[in-house]
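Colleague: I need the structure of the sequence given here:
(3 chains)
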Amino acid sequence: MILLFTDYGWQAAYVGQLKAAIYAVSRTASVIDLQHDAPIFNPRASAYLLASLIDFLPPDALILAVVDPGVGDAARRPLVMKADGRHYVGPDNGLFNVIAKQAEVVKFWRIDWQPPRLTKTFHGRDLFAPIAAMLDQGDEPELTRLAVEDMGFADWSAELAEVIYVDNFGNVISGLKGSSVSTDMRIVLGEREVCFAQTFSAVGEDEGFWHINANGLVEIAVNQGTAALAYNLKIGDPVYMYQSEV
Amino acid sequence: MILLFTDYGWQAAYVGQLKAAIYAVSRTASVIDLQHDAPIFNPRASAYLLASLIDFLPPDALILAVVDPGVGDAARRPLVMKADGRHYVGPDNGLFNVIAKQAEVVKFWRIDWQPPRLTKTFHGRDLFAPIAAMLDQGDEPELTRLAVEDMGFADWSAELAEVIYVDNFGNVISGLKGSSVSTDMRIVLGEREVCFAQTFSAVGEDEGFWHINANGLVEIAVNQGTAALAYNLKIGDPVYMYQSEV
Amino acid sequence: MILLFTDYGWQAAYVGQLKAAIYAVSRTASVIDLQHDAPIFNPRASAYLLASLIDFLPPDALILAVVDPGVGDAARRPLVMKADGRHYVGPDNGLFNVIAKQAEVVKFWRIDWQPPRLTKTFHGRDLFAPIAAMLDQGDEPELTRLAVEDMGFADWSAELAEVIYVDNFGNVISGLKGSSVSTDMRIVLGEREVCFAQTFSAVGEDEGFWHINANGLVEIAVNQGTAALAYNLKIGDPVYMYQSEV
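Modeller: Coordinates of the predicted model:
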């Protein structure tokens, strides 16, 4: 099973061509669009978002991820990572660093296989898609093992006290884990602050709150409203949490 | 075949995780995205819209539908409905009431099966998706039969004289059935009104008209224009039709 | 393998019903969404865009394409084209003309097969989808061969010096082929002009340039910016290229 995680959006033929390239190699692959509006040009926020999604995927899932502002830059290597049994295919720009940091066992390879045709700007279709299809069906494309110590993920923090994503309901997702905070903490948003609530229906209409979302991250929401507008929040904004005084 | 009908939108990983949860149970399921911009937080309008779509689906289709503002609320039961041979999986909030009302044979069950992990806000992924996958492949998850008389759908009207959806062309779809009206009727829209035309190309460019859309509902459109803007219409607005004087 | 190319957008149930209609005929079809935001109501721009995408598709791909403002008009015939081994199904309105012009071998048929139910406005679902599914699985629906000389594509130019698409990054795609221009040419955009660069990372942030995109077309872009806004460009605008003086 191949899951796609990109910042391509649903417009244009980018995702369609990515899939056609997978099926050209493996006609029987199961391909799922996991997410195509990853934080655009932002591998760092995307890395924290992607890490929050993998717990709910089957253990043999292969993730093909592309958030790659530096595509075409010679310094950026194409990568395969294997972390706790799952394969990841994508650019070497930090996108897999949070997953690598959390993993018990992690290995990296540089992709040496060369496609018959490699455009400058669409490595997703030309390089990563065929590699993902090959790995998914058990082929062995040409790879070179890389030393884990050189991959740089060790310096990354496990969490990020920033907005990493705003969904289409206007819910504001942070890079903070629900397992690291307590429910009596508050989030400061300019001159206002929001308290914890367990569900949307636990607060009044148009009322703001924070909760632990379905992927385990701290999320700011407004019941039947849009938190991003109500609190003027966007990707990269800081998210301060503090313990309420009793 | 499992068809998805939700108000999740195409952004974020909601739909992707729903599908991954289906494939985790049934790797060979055929899954089709029927619609992911159902009227948001609006099970009532969604119920009329969904009912208009089922005539064109294969007789063994299973519909997994989630428009569920009350998710996490203990009073809201998870439901399986079987209506005229097709299975429906989703929340007990009216979403299936129009289909139930129209059906010749209808049965209901409460879902008793419990997933290993049930988040407060994403029952689509955690509960409904695995149940849909189980039913689609012929498994028998734990269910309790419910009395049809207690389901409340009998009080619902078969049609709704309101806007229930605006599509991305700006076409305005009502909950009125084309089979209940005659083509000499007009629709009043503020100080203006529109007449019937059979197709877009039957009227001039930028001209408004109503027609019976491809799903059998009365729809207000503007040839190569956007009716929602031209007539300032949104979901919930009334749609008055009256017989033209001869 | 069936690839879908339409201007339906991802909203509403249009694409979902198209797929359900395919699966109703052929439960084992592989269906890929190639693109659903083709230039709306614009078969001419869509024809140049679609032609740029086919090089990267498997040789046995079947393309189901619908950009059809004249749907329901009796003069518009439903068509099957076979060009260089691939089948194309859609309306006879020019949508396949650029591919026909480029093809070494091309044949046309009018679709005579009639569906049990043909709505006025949704021939994609009612007519083209079942035909595509039949052809994909090797059935022989009722067709009548048409004379190539009568199809009108010979008069079309192989390229178009206009904007034919703007993607969601704001990149502006022209109907000019990269293989017809040289990299010392400039594009005039009002009082400004842009030069060639090989990749996004070859120019500074917010700097405009033109390049040959991953589908071989001349494209105007801004590194980490939106060219459509920066240069105020939309579909149909002329794209002038001239040789720089040395």
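
Colleague: near chain B, which residues of chain A show up?
Modeller: Chain A comes close to chain B at residues A:1, A:3, A:5, A:10, A:30, A:32-37, A:53, A:56-58, A:61, A:165, A:167-169, A:198-202, A:211, A:213-215, A:224, as judged by CB under 8 Å from any CB of the partner chain. In short, each C-beta sits where N, CA and C put it, glycine included.

Colleague: Need the nearest residue in space to the residue positioned nearest the centre of chain A, chain neighbours excluded.
Modeller: For chain A, the residue nearest the mean C-alpha position is residue A:50 (2.2 Å; CA atoms, centre = their mean). Nearest in space to residue A:50, with sequence neighbours left out and distances taken as CB to CB, 6 or more residues apart in numbering or on different chains, is residue A:5 at 5.6 Å.

Colleague: Just confirm that neighbour is within a strand.
Modeller: Yes - assessed by DSSP: H, G, I helix; E, B strand; the rest coil, residue A:5 belongs to a strand.

Colleague: Low-confidence bits of chain A, can you list those?
Modeller: Scanning chain A for pLDDT under 70 picks out A:245-246.

Colleague: can you map out the helices along it?
Modeller: Counting by DSSP state H, one finds helices in chain A at the ranges A:14-25, A:43-53, A:97-102, A:123, A:129-136, A:227-230.

Colleague: List of residues touching the fourth one?
Modeller: Going back to what we said before, that points to helix A:123. Contacts to helix A:123, defined as CB atoms under 8 Å, 6 or more residues apart in numbering or on different chains, come from residues A:66, A:68, A:71, A:72, A:78, A:91.

Colleague: burial count for the last one?
Modeller: A total of 24 residues lie near residue A:91 under the criterion other CB atoms under 10 Å in any protein chain shown.

Colleague: Name the nearest residue to it, sequence neighbours excluded.
Modeller: Here the residue nearest residue A:91, using CB to CB, 6+ apart, is residue A:68, at 4.4 Å.

Colleague: For that neighbour, which residues are in contact?
Modeller: Contacts for residue A:68 (CB under 8 Å, 6+ apart) come out as A:43, A:76, A:90, A:91, A:93, A:95, A:123, A:124.

Colleague: How about residue A:170?
Modeller: The neighbours of residue A:170, taking CB under 8 Å, 6+ apart as the test, are A:222, A:225, A:226, A:227, A:228, A:229, A:230.

Colleague: And for the nearest residue to residue A:84 once chain neighbours are set aside, the neighbour number?
Modeller: Nearest in space to residue A:84, with sequence neighbours left out and distances taken as CB to CB, 6+ apart, is residue A:103 at 4.9 Å. When neighbours are defined as other CB under 10 Å, residue A:103 has 19 of them.

Colleague: Check residue A:192 too.
Modeller: For residue A:192, using other CB under 10 Å, the count is 10.

Colleague: who does it bridge with?
Modeller: Under DSSP bridges, the beta-bridge partners of residue A:192 are residue A:189.

Colleague: Distance of the residue nearest to residue A:91 relative to residue C:221?
Modeller: Plainly put, residue A:68 is 15 Å away from residue C:221 if you go by CB to CB, to the nearest Å.

Colleague: And for residue A:55?
Modeller: 37 Å.

Colleague: Of these two, which one has the most company?
Modeller: Regarding residue A:55 and residue C:221, a neighbour count based on other CB under 10 Å identifies residue C:221 as having more, with 28 against 10.

Colleague: doesn't residue C:207 make contact with that one?
Modeller: No - with contact defined as CB atoms under 8 Å, residue C:221 does not count as touching residue C:207 (9.6 Å).

Colleague: re the thing from before, out of the residues of chain A next to chain B, list just those in strands.
Modeller: A:3, A:5, A:32, A:33, A:34, A:35, A:165, A:211 (DSSP state E).

Colleague: If you tally nearby residues, what's the number for the second one?
Modeller: Which is residue A:5. Residues near residue A:5, counting by other CB under 10 Å, number 24.

Colleague: and it, bridged to which residues?
Modeller: Under DSSP bridges, the beta-bridge partners of residue A:5 are residue A:35, residue A:65.

Colleague: wait, doesn't it sit right on residue A:65?
Modeller: Yes - between residue A:5 and residue A:65 a contact is recorded at 4.2 Å, counting by CB under 8 Å.

Colleague: and for the two, which residues touch both?
Modeller: With CB under 8 Å, 6+ apart as the test, residue A:5 and residue A:65 both reach A:38, A:46, A:50.

Colleague: What about the second one, how many residues nearby?
Modeller: When neighbours are counted by other CB under 10 Å, residue A:46 registers 30.

Colleague: Would you check that it makes contact with residue A:93?
Modeller: No - here residue A:46 lies out of contact with residue A:93, judged by CB under 8 Å, at a distance of 9.5 Å.

Colleague: and chain A, which of its residues are near chain C?
Modeller: So chain A meets chain C at A:9-17, A:19-21, A:23-24, A:27, A:40-41, A:69-73, A:119-122, A:125-126 (CB under 8 Å from any CB).

Colleague: and if we set it to 6 Å?
Modeller: A:9-13, A:16-17, A:19-20, A:24, A:41, A:70, A:72-73, A:119-122 (CB under 6 Å from any CB of the partner chain).

Colleague: And the buried ones among those, selectable in ChimeraX?
Modeller: Here is the ChimeraX selection string for the buried members of these, based on 16 or more other CB atoms under 10 Å in any protein chain shown:
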select /A:9,10,11,12,13,16,17,19,20,24,41,70,72,119,120,121,122
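
Colleague: Right, I'll call it a day here.
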